[in-house]
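Enquirer: Starting from these lines, generate the structure:
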Amino acid sequence: MPEDRIAAAPQVRIPDPVPTGVYALEVLRVTHYTDRLFAFRTERPAEFRFRSGEFVMIGLEIEGKPLYRAYSIASPSWDEEIEFFSIKVEDGPLTSVLQHLKPGDRVLMRKKATGTLVNDALLPGKRLWMLSTGTGIAPFASLIRDPETYEKFDQVILTHSCREVAELAYGHEIVAETKANELLGEMATAQLIHVPATTREGYPTMGRITTRIEDGSLFAALCVPPFDPAHDRVMICGSMEMLRDCKALCEKAGLTEGANNRPAEFVVERAFVD
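Expert: Sure thing, here's the model as predicted:
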């Protein structure tokens with residue numbers, strides 16, 4: 001990022017006192033994967049509770065006004081830190097500033113976590129599909145590191161589609177860490193299947209996830225049958241267009257959308273960042 005761009009960034013500070021219902025969290029680590037993607041980890045208050053797959057509102061006070069956006073928590077519910085995976089939008093009201101975070105900085109986070117991409121919103125099944133594009137992999141980075149996911153489903157299939165190969169790095173990293181984990185490794189190695197793909201740059205697996213579902217190539221490559229409401233459960237997180245199209249494909253296959261108070265065969269997340 002050009003130096004003059006950094007110098008011209010809006011003034012950011014943490015309000016004092018911190019508003020009721022909000023945490024001010026210290027940033028512990030920041031990792032930049034590409035010029036469009038980065039992850040950061042913060043401290044976790046001892047009293048903060050959430051279910052793997054949920055999202056929270058995080059933000060900063062910019063030019064005297066608090067600005068929040070919904071971010072899925074990428075770390076599992078047992079983690080002692082909180083992890084987020086974010087895009088960088090040059091003119092995004094929040095991400096244009098958030099991308100310059102460094103260890104020691106502080107971010108605001110509202111205390112309530114919520115969301116539909118949780119195991120409780122799905123009926124028991126044989127196979128769990130996690131369909132993601134871009135930073136939509138974040139809630140699944142949480143769920144694949146939760147033992148409950150492997151206890152509830154025999155097979156967990158994480159699909160992650162991005163435009164370019166470099167944008168798949170975060171997913172590769174999280175899956176490798178999960179399979180190497182002392183407690184989760186055995187379950188994840190036996191039950192987790194990672195299906196990365198690109199839509200622009202050349203890669204062994206290419207094409208939009210919706211196309212691969214419609215033409216059957218996704219299922220053929222894994223030697224599994226197409227979606228079946230008797231056995232398959234689906235979680236979807238990505239762009240608005242991807243959510244709409246994947247939801248339609250699930251409904252076409254006979255799956256019913258679920259919610260926290262009405263578990264069913266598939267769920268969709270509609271929380272976005274700028």
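Enquirer: For the helix or strand hosting Val267, enumerate the helices and strands it packs against.
Expert: Using DSSP states H and E, Val267 sits within strand 266-268. In this structure, strand 266-268 makes packing contacts with strand 232-237, helix 240-252, judged by 3 or more Cβ pairs under 8 Å, 6 or more residues apart in numbering; DSSP states H and E. For the C-beta atoms, the positions are set from N, CA and C on the backbone; glycine is no exception.
Enquirer: now the shortest one against helix 240-252, angle please.
Expert: To tie it back to what came earlier, the one meant is strand 232-237. Here the directions of strand 232-237 and helix 240-252 differ by 170 degrees (axes from the mean of the first three to the mean of the last three Cα atoms, to 10 degrees).
Enquirer: returning to what we had before: buried residues of the strand holding Val267, list them for me.
Expert: 266-268 (16 or more other Cβ atoms under 10 Å).
Enquirer: ok, now stretch 181-191?
Expert: Buried, per 16+ other Cβ under 10 Å, within stretch 181-191: 184, 187-188, 191.
Enquirer: what's that stretch in contact with?
Expert: Stretch 181-191 has contacts (Cβ atoms under 8 Å, 6 or more residues apart in numbering) with 144-145, 147, 150, 153-156, 175, 178-179.
Enquirer: Would you mind checking the average pLDDT for it?
Expert: Stretch 181-191 shows a mean pLDDT of 96.
Enquirer: Could you do stretch 261-270 as well?
Expert: 93.
Enquirer: so which of the buried residues of strand 266-268 comes closest to Val89?
Expert: In terms of Cβ to Cβ, no member of the buried residues of strand 266-268 lies closer to Val89 than Val268, at 22.5 Å.
Enquirer: Quick check, the closest one in contact with Gly238.
Expert: No - applying Cβ atoms under 8 Å as the test, Val268 and Gly238 come out as separate, 9.6 Å apart.
Enquirer: Mutual contacts of the two, please.
Expert: Shared contacts of Val268 and Gly238, defined by Cβ under 8 Å, 6+ apart, comprise Cys246.
Enquirer: Quick one: the helices in the protein, in order.
Expert: Secondary structure of the chain (DSSP state H): helices at 3-7, 95-98, 138-143, 147-152, 169-180, 185-191, 209-214, 217-222, 240-252.
Enquirer: Give me the contact list for the last one.
Expert: Put plainly, it is helix 240-252. By Cβ under 8 Å, 6+ apart, the residues outside helix 240-252 that reach it are 131, 133, 136, 208-210, 213-214, 227, 234, 236-238, 257, 265-266, 268-270, 272.
Enquirer: Same question for the fourth one.
Expert: When contacts are defined by Cβ under 8 Å, 6+ apart, helix 147-152 is touched by residues 52, 119, 122, 124, 128, 143, 156, 183-184, 187-188, 191-192.
Enquirer: any chance of the buried residues of strand 266-268 in CSV, plus distance to Ala169?
Expert: Below are these laid out as CSV (distance: Cβ to Cβ, whole Å):
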residue, distance to Ala169
Phe266, 28
Val267, 27
Val268, 26
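Enquirer: tell me which of those residues is nearest to Lys111?
Expert: The nearest member of the buried residues of strand 266-268 to Lys111, counting by Cβ to Cβ, is Val267 at 23.4 Å.
Enquirer: separation between that closest one and Arg233?
Expert: According to Cβ to Cβ, to the nearest Å, Val267 stands 8 Å off from Arg233.
Enquirer: hey, what's in contact with both of the two?
Expert: Leu122.
Enquirer: Quick one: mean pLDDT over stretch 19-38.
Expert: So the average pLDDT for stretch 19-38 ends up being 95.
Enquirer: For it, buried residues please.
Expert: For stretch 19-38, burial by neighbour count (16+ other Cβ under 10 Å) applies to 22-25, 27, 30, 36-38.
Enquirer: Counting only strands, which of the residues you listed make the cut?
Expert: Mapping the buried residues of stretch 19-38 onto strands (DSSP state E) picks out 22-25, 27, 30, 37-38.
Enquirer: how about the residues you listed, which pair is most distant?
Expert: Val22 and Leu37 (26.2 Å).
Enquirer: Can you pull out the low-pLDDT segments for the stretch 151-274 of the chain?
Expert: Counting by pLDDT under 70, the ranges of the stretch 151-274 of the chain that qualify are 272-274.
Enquirer: I appreciate the help and will end here.
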